[in-house]
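Asker: my questions are about this predicted structure, shown below with the sequence.
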Amino acid sequence: MRDLTDRALDTAESLGATYADVRIVRRREESIAVKTGRVEGVAMGETEGFGIRVIVDGAWGFASSDRLEAAEVDRVAGLAVRIAKASATALRRPVQLDDRPPAHGHYETPVKEDPFEVPLETKINDLVTADRRAAAVKGVVFTESLYAAQREWKTFAASDGSFTEQVITHIGTGLEANAIEGDEHQRRSYPDAGGGFRAAGYEFIREVDLGTHAEAYGEEAVALLSAPQCPPGRTTIVLDPSQLYLQVHESCGHPTELDRVYGTEASYAGTSFLTTDKLESGFRYGSDLITIVADATAQGGMGTFGWDDEGTEAQAVPLIQNGILVGYLSSRETAPRIGRRSGGAMRADGWNRIPLIRMTNVNLLPVPGQTLDEIVADTDDGLYLASNRSWSIDDRRLNFQFATEVAYEIKGGKKGRLLKNPTYTGITYEFWRSCDAVADESDWVMLGTPNCGKGEPGQVGHVGHGVSGARFRNVQVGVGKW
Amino acid sequence: MVSGAGADPAADALRLAEDVVGRAMRAGASEAEALVIADDSSLTRFANSEIHQNVAESSQTVNLRFVSGRRIACLSTGRHDDDGLRLLVERAAVVVRNVEELEDWAGLPKPDGASAVHPAATWSAATADATPELRADGVRAVISAADEAAVIAYGSFSTGTGAVAVANSVGIRAAEQRASSQLVTVSMSPEGGTGYAEMVALDASTIDAAAIGREAASKARATDKAVSLPPDDYPVVLDEYAVVDITDYLGYLGFSALAVQEGRSFVEIGKRIGSELVTVVDDGADPAGLPMSFDYEGVPKQRVTMVERGVCRGVVYDAQTAAREGRRSTGHGLPAPNPYGPFPFNTVMAAGTTSREELLGGLDRGLLVTRFHYTNTVHPKLMIITGMTRDGTFLVEDGRIVGPVRNLRFTQSYLDALAGVSAVGSSRKTIKGFLGGAVVPAVRIDAWTFTGATEH
């Protein structure tokens, strides 16, 4: 490896690069898809390649290839330099990087039970058994269950002398029960929509224990078919962690990405209302209860690593402190523009993609005092919303609308009847300012998503979110015509 | 050039596919299919009127469907050296022993003499020859147009070529080179206006970057100082950039045979879902789109009429969903494994007879919407979608644009919208859809339900 990384860096520098880095990434993936009790597919994939990133004349260039050969390294380094020179013809602000120290070392995701060593038969059996329990529920039309594991071996080297090696393992599983009657299609997912994912080994699959929960979720999907429609109005809502994590993701994670703030995603996903003047003015993002940290050191999160993909060490970066905007997800290029060093959030989707600012583990910290059950008990009238069904937010991350799979009516401090097709909507900072309760440590759980999209060409990110559940007042629910 | 390819990347990819099929059969498969996708793509991205990202990628992926009786294993690899392919086949042979039988497995698709592959015009030498300098030239043209209007330009210019080849053990042989290019830009003015323009073409040299830049820049200026409008039901004219979202969701939620077989689709053949003015087909040979001759199972693409004058006429099939109904695939299979089912890649909506002026002229008081942003499904069978307007929303009174309005959220049944189509534009644009190129006109719709507002 070292021969190839040295060659890439030497070639790039000899062709005029003032900075260069190279990542060699091997990725192994395995997934199992089960539909209505039978295996639909077992997929295994492996990919390996390298990407070279250079700065020439103050401009970025990047090129990649899947052929790990010396001649190809020379060609790709040359192409990256040529691309950077083309970039320099339309440049207004030459790239300047922060002065982080060179990175050295080795990191591995802690894994108790290596998922790639667990017999395939065991993994299939665990998944099929659970899926069949949900599928056996009367009224369930079809079920879908998944298992997925991914391991990446990443070698990073840069012209400042950095050299790191990492082995990152992610794993996940989930089950979805679908009930259909006439025009009504209802589903319930466990542990949450799209599955639960962690940086861990097969021990996480055993912990999730799909089989124990499968039947109850199937029954609830069927019950939703005859549940009343969630009525429109303004009310109190309590968000279960299975929905709250996505609220954090969309309305805090993305708008605090500093590249988005500076407009580099403007033509695709949009910009951000959290402009840097709001950092200087101490913008009130949420109520005093809201403290959100981007923590790449958090145990089990899919945003946990040793170094990001430009060699910045993993760290915990406060984003919102007691409701006030205090920081951003940042890179070596963007952080100096707010007078800081990179927060270590540059991540690339494999060897053939350039690193972008991505979420690490963007966590809403728990607040001592009340469990989630105690928050419900303390609520006279409202809705308890769980498990995401759809999400949408405007191009500056202000107006959002979410649908959840299920709402439970709260009356007199107790969860009652089911309501179907619940939706809620709001403006990000108004919503977070309306939060008057966050559950304590006992309900805090690390969730996350393996399909966060960003960038062009498109990149899929694995990010984590630790949350515990929270209550929000005077929220618009039941949107649209039904 | 495709990575590792000779003079004919499609033939190279097909040889590789055949090699993998042969290896699988020798390893004991009863049937085998190999899909090779070779990709050589580049993208130049710009923001704040400068290039900030410029990337190139060469890759080649081999997908193997290894069948043993009714047991199927799907594996893929990015390695195409001898060791990589050997490992791929060895692992497949192990995996397939651990998989249960698919009771209704109908076998891999066979070649059909009556519908042999008819090569579509899928290739462009100009796109293959596109350089970083050509893309930078295009970006500078967009930026110049933005500078002239005193707005800031953001966007991307991508060019890509590749080869797709499919071989299977029962006779399928299909291979072709494909190309596409796309220039997208958003202009932003200091007064808060934003505008969007996009062009998609097989041939990168036909992309008129300056025109795209001018379209977005002028729209950005036209949306300066937008005012708030209360969310309510309004008649709308949707520009082509917005209409593609409707045709995308038609394919995603409705016109897949698997969605119908599982009962999650709203489609019933013969059921009216749109006004008489709505006709939507999938046509991989339409030169206005991004043509493709065959799907990812190597089956020739058939032209499928999904909606004819508002009535559901047909859905798209892959080999497995077709076999369940005793019919042939229409050539809409995705790479295996594919729990989601077949998909229309090349959606084409028929043009109408109404000029753009007449589309707007039909609005007494309504909105002109340039495009939608971040749409998502609220209710699949009712096709209720939520999303935002973006980059150019205007109030129209007495058939004339009276000024820009701030962006609005909608929560709208796209089925109700199709039923309310009262006019269809006479010209169309080619736009990147979910999975391919879509060709769509602008439309006027009698009522659109806006349910929220934002601050810009």
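Answerer: Structure's in. What do you need? Numbers count the residues shown, from 1 in each chain, chains lettered A, B, ... in the order given.

Asker: going by C-alpha atoms from here, please, whenever you check contacts or count neighbours.
Answerer: OK.

Asker: list the contacts for B:Phe266?
Answerer: Applying C-alpha atoms under 8 Å, 6 or more residues apart in numbering or on different chains, we find B:Phe266 in contact with A:183, B:253-254, B:260, B:381-383.

Asker: and if we set it to 7 Å?
Answerer: Shown in contact with B:Phe266 (C-alpha atoms under 7 Å, 6 or more residues apart in numbering or on different chains): B:254, B:381.

Asker: assign it to helix, strand or coil.
Answerer: Classification of B:Phe266 using DSSP: H, G, I helix; E, B strand; the rest coil returns coil.

Asker: for A:Asp74, same thing?
Answerer: Going by three-state DSSP: A:Asp74 is helix.

Asker: that one contacts A:Thr11, correct?
Answerer: Yes - using C-alpha atoms under 7 Å, A:Asp74 is in contact with A:Thr11, at 6.3 Å.

Asker: which residues touch stretch B:285-294?
Answerer: In contact with stretch B:285-294 (C-alpha under 7 Å, 6+ apart) are residues B:117-122, B:180, B:202, B:284, B:300-301, B:331, B:346, B:430, B:436-439.

Asker: show me what from the stretch 51-200 of chain B comes close to chain A.
Answerer: B:51-59, B:73-79, B:98-100, B:132-133, B:136, B:140, B:154-155, B:185-186 (C-alpha under 7 Å from any C-alpha of the partner chain).

Asker: pull out the buried members of the contacts of stretch B:285-294.
Answerer: Neighbour counting with 16 or more other C-alpha atoms under 10 Å in any protein chain shown marks B:117, B:120-122, B:180, B:202, B:284, B:300-301, B:331, B:346, B:430, B:436-439 as buried within the contacts of stretch B:285-294.

Asker: pull the most distant pair out of those.
Answerer: B:Val117 and B:Thr430 (24.0 Å; C-alpha to C-alpha).

Asker: show me the helices in the chain, by range?
Answerer: If you meant another chain, say so; for now it's chain A. Listed in chain order, the helices of chain A (DSSP state H) span A:2-14, A:70-87, A:120-135, A:203-208, A:210-225, A:241-248, A:258-261, A:276-281, A:372-377, A:428-433.

Asker: please refer instead to chain B.
Answerer: For chain B, applying DSSP H gives helices covering B:9-26, B:82-97, B:125-128, B:132-148, B:209-222, B:240-249, B:257-261, B:319-324, B:356-361, B:414-419.

Asker: go through stretch A:91-103 and flag the buried ones.
Answerer: Buried, per 16+ other C-alpha under 10 Å, within stretch A:91-103: A:91, A:95, A:97-98, A:102-103.

Asker: ok, the residue nearest to the spatial centre of chain A - contacts?
Answerer: With distances taken as C-alpha atoms, centre = their mean, the residue of chain A nearest its centroid is A:Val463 (2.8 Å). Shown in contact with A:Val463 (C-alpha under 7 Å, 6+ apart): A:302-303, A:359-361, A:448-450.

Asker: tell me which of the residues you listed has the lowest pLDDT.
Answerer: Model confidence across the contacts of A:Val463 bottoms out at A:Gly448, which has 90.

Asker: tell me how many other residues crowd the residue in the stretch 201-350 of chain B positioned nearest to chain A.
Answerer: When scored by C-alpha to the nearest C-alpha, the stretch 201-350 of chain B has B:Pro337 as its residue closest to chain A, at 5.5 Å. Look at B:Pro337: counted by other C-alpha atoms under 10 Å in any protein chain shown, it has 20 neighbours.
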